[in-house]
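In: Let's see this in three dimensions:
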Amino acid sequence: MPEQTAEHTIKLAPEYARELKFEAYPAAPQIEGVWFHALKKNRSENGAFMEYVRLDEQGVQGLPGQLTPRQISVSWAAPKRINAFHIHVKQEQNEIWCVLQGQLMIWLVDCRAGSPTLGVKRKLVFSGEQPMMVYIPSGVAHGYQAGEQGATLLYTMDAQFDISDPNEGRLPWNHFGDDLWAEDMG
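Out: Residues are numbered from 1 along each chain as shown. A predicted model of the protein is given here:
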């Protein structure tokens, strides 16, 4: 490996130099149609306030893409719970996710035939401390693992859940590899 043979200013003992590696920070992979939007959490000594969405006749306003809300739901995840993978294919169902409390490690995987980003996997870490939105198009598999404190997820959909014919396709939680959910020990 180049790290082992490279000349560095600080010399390490051989037993440490052999194990030395350096981090790389490549750009996060993009998935066609997925977009993000930062929310502003206004804090005071009494708590906090945040606008989630503004709506007009065309749907949400002021976001990078369009979505006409048909259902807004909340999910509470127990600590360390993995809930994966969901995918909506019977009919179009696009979603916007926002973590209100706690932390989620989210994985998105593009499964759409013909997509220019087919097979691309994207990891996100969302937290209630710095709320963000992510738009998840139909055909992009999505799942999460809650952090140590659990998490509260607010999600907005452009289709309504139909208990008589659920549009909740499932892929096994480890379909894309067990390592997706492994704890980062670095």
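In: Going by C-alpha atoms from here, please, whenever you check contacts or count neighbours.
Out: OK.
In: What segments of this structure are strands?
Out: 35-38, 42-44, 47-49, 54-56, 59-61, 71-77, 82-87, 95-110, 121-127, 132-136, 140-157, 169-170 (DSSP state E).
In: Tell me how many other residues surround Glu95.
Out: 23 (other C-alpha atoms under 10 Å).
In: Kindly report the same for Thr68.
Out: Thr68, neighbours per other C-alpha under 10 Å, totals 18.
In: before we move on, what about the one 5 residues further on?
Out: When counting by other C-alpha under 10 Å, one arrives at 10 neighbours for Ser73.
In: In contact with the closest residue to Ser75 other than its chain neighbours, which residues?
Out: When the adjacent residues along the chain are set aside, Ser75 lies closest to Leu153, with 5.1 Å between them (C-alpha to C-alpha, 6 or more residues apart in numbering). Contacts of Leu153 were listed using C-alpha atoms under 8 Å, 6 or more residues apart in numbering, and they are 74-77, 97-101.
In: Only whichever of those residues are buried, select them in PyMOL.
Out: Of the contacts of Leu153, the buried ones can be selected in PyMOL as follows, counting by 16 or more other C-alpha atoms under 10 Å:
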select buried, resi 77+97+98+99+100+101
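In: Nearest residue to the residue positioned nearest the centre of the chain in space, please, no chain neighbours.
Out: Nearest residue to the geometric centre of the chain (C-alpha atoms, centre = their mean): Ile106, 3.4 Å. Distance criterion C-alpha to C-alpha, 6+ apart; nearest residue to Ile106, sequence neighbours excluded, is Tyr144 at 4.3 Å.
In: The one you found against Val99, yeah?
Out: No: counting by C-alpha atoms under 8 Å, Tyr144 does not reach Val99; the two are 11.1 Å apart.
In: With adjacent residues omitted, what lies nearest to Glu95?
Out: Leaving aside its sequence neighbours, Glu95 sits nearest to Met157 (C-alpha to C-alpha, 6+ apart; 4.5 Å).
In: Next, the contact list for the one you found, please.
Out: Going by C-alpha under 8 Å, 6+ apart, Met157 touches 67-72, 93-96.
In: go on, Gly33?
Out: Contacts of Gly33 (C-alpha under 8 Å, 6+ apart): 135-137.
In: Now which of the residues you listed would you call buried?
Out: Buried among the contacts of Gly33 (16+ other C-alpha under 10 Å): 135-137.
In: what's the closest of the residues you listed to Thr117?
Out: Proximity of those to Thr117 was ranked by C-alpha to C-alpha; the top entry is Pro137 with 12.5 Å.
In: Tell me how many other residues crowd the residue lying closest to the closest one once chain neighbours are set aside.
Out: Using C-alpha to C-alpha, 6+ apart and skipping the chain neighbours, the partner closest in space to Pro137 is Asn94 (4.7 Å). Residues lying near Asn94 (other C-alpha under 10 Å) number 21.
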